[in-house]
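Asks: this one's sequence-less:
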């Protein structure tokens, strides 16, 4: 067993974090399986020999799941009548990634999926006796940086609609834990990697049109590769910990914004940005780009709410997860981007 000290109201408590692993021999249900992170979780589990049931909204192209030999059952988190079939058979573990994940969608459109959807899927998990529920949320629940690395017990003070929706989804989960749900939370920071389509991680996952560096470019970032998030979700699901434990997921390398954008440009064969724009100008540009992208039904490269994080560092502490024995495959952002550059050059990087 690993050991961790934690502080509550200036009093130190000694707790034990389990390195021993639980075992699940039934079906693992993965919601949001057709999305960026969900697809990586499905892929990770399938390659590990786990019996997976993938679910997302109805879709015509199931080739990704068919190649992996994974069962796909269509459902919609906003339509309760579609959800019960997901739990047919021996479903003993749920990895809940079904969510809208970007800074451009307003709260009223996020709420049915990111909040109400959590309520519906957790009710069914309790009803069907699921042994472990993994809720994938976001470090966006912490809000703006307060001068010290974010740890799991920090106050949740989100400053975006997306962050508020994830906090409210967590609150639903905490209530269901009181009702007997054995749930663990994981909070990834900015996720990048193959198949990334939305969010800040898109800038490090595909060629983009970002030609200038916001502000001085010296703020530090927290990023994590998608494959590591998938492995961390699986790892956390197997830990023998009390319901309600939460774990941050970040690679721990913290590049500066300028360095990260430079590495991304080099990875995709583009000229690194050299021009520095005042953040105020970036915000105006983001507003305009957001409006135009909205008319086209697209997510802009730089979302307006994301610019709120450009003033200060954003450092996420990953030590709690590491102390449970988890090891990152891509712990260094720069080296990871070199590997992505190789995949891109060889035509092996999946870009949707």
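Replies: Arrived safely, thanks for sending. Values in this document were obtained by computation on a predicted structure and should not be read as measured data.

Asks: isn't residue 262 right up against residue 270?
Replies: No - using C-beta atoms under 8 Å, residue 262 makes no contact with residue 270, being 10.1 Å away. Quick note: C-beta positions are derived from backbone N, CA and C, even for glycine.

Asks: more neighbours, the two?
Replies: Comparing residue 262 with residue 270 by other C-beta atoms under 10 Å, the one with more neighbours is residue 262, at 20 against 14.

Asks: please name every helix or strand in contact with the helix or strand the more buried one falls within.
Replies: Using DSSP states H and E, residue 262 sits within helix 257-267. The elements that helix 257-267 packs onto, with contact taken as 3 or more C-beta pairs under 8 Å, 6 or more residues apart in numbering; DSSP states H and E, are strand 212-214, helix 333-345.

Asks: could you save the ones you listed as a markdown table and add columns showing distance to residue 143?
Replies: Compiled in a markdown table, the helices and strands packed on helix 257-267 are given as follows (distance: least, C-beta to C-beta, whole Å):
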| stretch | distance to residue 143 |
| --- | --- |
| strand 212-214 | 19 |
| helix 333-345 | 23 |
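
Asks: which of the ones you listed is buried the deepest?
Replies: strand 212-214 (a mean of 21; mean count of other C-beta atoms under 10 Å).

Asks: related to what we said a few turns ago, right, and the helix or strand after the helix holding residue 262?
Replies: strand 275-277.

Asks: excluding chain neighbours, what is closest to residue 259?
Replies: residue 334 (7.4 Å; C-beta to C-beta, 6 or more residues apart in numbering).

Asks: quick one: that neighbour from residue 238, how far?
Replies: 30 Å (C-beta to C-beta, to the nearest Å).

Asks: now do the buried residues in stretch 240-249.
Replies: 241, 243, 245, 246, 247, 248, 249 (16 or more other C-beta atoms under 10 Å).

Asks: hey, where'd the helices end up in the stretch 1-150 of the chain?
Replies: 36-47, 63-68, 107-114, 116-127 (DSSP state H, counting those that start in this stretch).

Asks: so how far is the shortest one from its chain's centroid?
Replies: Spelled out, that is helix 63-68. 22 Å (C-alpha atoms, centre = their mean, to the nearest Å).

Asks: which other helices and strands does that helix contact?
Replies: On a contact count with 3+ C-beta pairs under 8 Å, 6+ apart, helix 63-68 meets helix 36-47.

Asks: and stretch 152-162, how far from the chain's centre?
Replies: With C-alpha atoms, centre = their mean, you get 15 Å for stretch 152-162.

Asks: sorry, that was for stretch 146-161
Replies: Worked out by C-alpha atoms, centre = their mean, stretch 146-161 lies 16 Å from the chain centre.

Asks: for stretch 339-352, same thing?
Replies: 21 Å.

Asks: same check on stretch 338-352?
Replies: That offset, for stretch 338-352, works out to 21 Å (C-alpha atoms, centre = their mean).

Asks: contact partners of it?
Replies: 193-195, 197, 204-206, 263, 266-269, 330 (C-beta atoms under 8 Å, 6 or more residues apart in numbering).

Asks: any idea which of those is least confident?
Replies: Ranked by pLDDT, these bottom out at residue 197 (78).

Asks: how many neighbours does it have?
Replies: The number of residues near residue 197, taken as other C-beta under 10 Å, comes to 16.

Asks: give the helix, strand or coil label for it.
Replies: Classification of residue 197 using DSSP: H, G, I helix; E, B strand; the rest coil returns coil.

Asks: touching, residue 116 and residue 78? I think so.
Replies: Yes - if you go by C-beta under 8 Å, residue 116 and residue 78 touch, sitting 7.1 Å apart.

Asks: do you know which of the helices and strands packed on helix 257-267 lies nearest residue 283?
Replies: strand 212-214 (8.9 Å; C-beta to C-beta).

Asks: adjacent strands (with direction) for that closest one?
Replies: strand 275-277 (parallel) (DSSP bridges).

Asks: beyond the strand it pairs with, next helix or strand please.
Replies: helix 279-295.

Asks: which residues are in contact with that following helix?
Replies: 104, 212, 214-215, 277, 299-304, 306-307, 310-311.

Asks: repeat the analysis, applying 7 Å as the threshold.
Replies: 104, 214, 215, 299, 300, 302, 303, 304, 307, 310, 311 (C-beta atoms under 7 Å, 6 or more residues apart in numbering).

Asks: PyMOL command to pick out the buried ones of those?
Replies: Only the buried entries of those go into this PyMOL selection, using 16+ other C-beta under 10 Å:
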select buried, resi 104+214+215+299+300+302+303+304+307+310
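
Asks: ok now stretch 329-345, how far from the chain's centre?
Replies: 19 Å.

Asks: cool, and stretch 164-173?
Replies: 14 Å.

Asks: ditto for stretch 30-49
Replies: 13 Å.

Asks: cool, and stretch 175-192?
Replies: For stretch 175-192, the distance to the chain centre is 12 Å (C-alpha atoms, centre = their mean).

Asks: before we move on, what about stretch 27-46?
Replies: 12 Å.

Asks: what is the mean pLDDT for that stretch?
Replies: 97.

Asks: ok, stretch 292-303 next?
Replies: Rounded mean pLDDT across stretch 292-303 is 82.

Asks: now do it: distance to the chain's middle.
Replies: Using C-alpha atoms, centre = their mean, the offset of stretch 292-303 from its chain centre is 21 Å.

Asks: start and end of it, how far apart?
Replies: Stretch 292-303 has an end-to-end distance of 12 Å (C-alpha to C-alpha, to the nearest Å).
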